[in-house]
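[1] Sequence and predicted model, in that order:
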Amino acid sequence: MSKPIRSARIAESDIYHVISRGVGKQIIFEDDADRKRYLSYLYKYVSEFETVELIAWCLMSNHVHLLIKAPIIDLSRFMQQLSSNYARFFNSRYERVGILFQGRFKSEPVDSDEYLRTVLRYIHQNPVKAGITSSCSYRWSSYNAYLSHSDSLRAMQSWVIDLFGDIRAFVQFHNKFDHHDLHEIEKRQRKSSVFDSVTKSANLLLAPASITDVRGMKKHDRDAALLSLVRAGMTMRQVEKLTGISRSLISRIVKQYK
């Protein structure tokens, strides 16, 4: 967990608020042993994916909130590894079969310092709003990790705290309850569902391959896949976000085959 986070401007960074829910509101954490196992997988894959940085997290009974910095294509791979391994553990422990998580995780981009602070507070206040605790000091979130300078978030400490000024301002901000947070986040989540729809359409178009395969394809196959996405009506920006391939390269390929 010692990877240094780059201090690029938020607007230029790939930061996402990720929500992963149990299928049909299924409880995904029966006890603390389940939560510890999920966190062990979370830390394991953060350390293994060089492009993934963990900013915040909160484990609720039937869903998880994560705040992650990563290119969207790497985020997809990361979440697939995390969710599938935890689901195997959970199904084995409770002798169940079938899907544990509800489809693809939800992700919304965090595109400004102000919105990052809003999402961070929203995540840490989730247990308060659910009536589980009376303050943000919830055992199964990253709030206390910030206050205790935990190794699990050491790479984030100074970078995130600097957005507030100091740790005192960080705590004061979290102690305020702003109903605007929920309205703003729900509005953005509705927009992010559009991006999820685009992802689904891209995967259907490329089947049996998927959007996460494009970057590793042979040149001819990669170019054909990119062309098919653009010709299907996706913008180059959307294709860039989906594949991790730069817009300048996508543009050159499109012009080449006009």
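    That came through, no problem.

[2] Please count neighbours and contacts with C-alpha atoms only from this point.
    Will do.

[3] Could you list the domains of the protein?
    10-176, 193-256 (automatic domain parsing).

[4] Just send these back as TSV, with mean pLDDT and mean neighbour count too.
    Converted to TSV, those look like this (pLDDT from 0 to 100; neighbours: other CA atoms under 10 Å):
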stretch	mean pLDDT	mean neighbour count
domain 10-176	89	17
domain 193-256	81	16
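
[5] Now do residue 202 against residue 82, distance only.
    Look at residue 202 and residue 82: by CA to CA, to the nearest Å, they are 23 Å apart.

[6] next one: residue 163
    With CA to CA as the criterion, residue 163 and residue 82 are 29 Å apart.

[7] For the stretch 1-150 of the chain, which segments are assigned as strands?
    15-21, 53-59, 63-69, 106-109 (DSSP state E, counting those that start in this stretch).

[8] among those strands, which is nearest residue 136?
    Residue 136 lies closest, by CA to CA, to one member of the strands of the stretch 1-150 of the chain: strand 53-59, at 10.5 Å.

[9] residues making contact with the closest one?
    Residues outside strand 53-59 that contact it (CA atoms under 8 Å, 6 or more residues apart in numbering): 3, 5, 35, 46, 64-70, 120, 123-124, 126, 140-143, 153, 156, 160.

[10] for residue 84, what are its contacts?
    Counting by CA under 8 Å, 6+ apart, residue 84 has no contacts.

[11] let's see it at 10 Å
    The contact partners of residue 84, by CA atoms under 10 Å, 6 or more residues apart in numbering, come to 90, 99, 100, 101.

[12] Quick check: it vs residue 21, distance?
    Where residue 21 is concerned, residue 84 sits at a distance of 13 Å (CA to CA).

[13] joint contacts of those two?
    100, 101.

[14] rewinding a little: need the contacts of residue 84 in TSV with distance to residue 224, can you?
    As requested, those are exported to TSV (distance: CA to CA, whole Å):
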residue	distance to residue 224
90	40
99	33
100	35
101	32
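
[15] How much space separates residue 32 from residue 139?
    For residue 32, the distance to residue 139 (CA to CA) stands at 10 Å.

[16] My error: substitute residue 257 in the last question.
    From residue 257 to residue 139 the distance is 55 Å (CA to CA).
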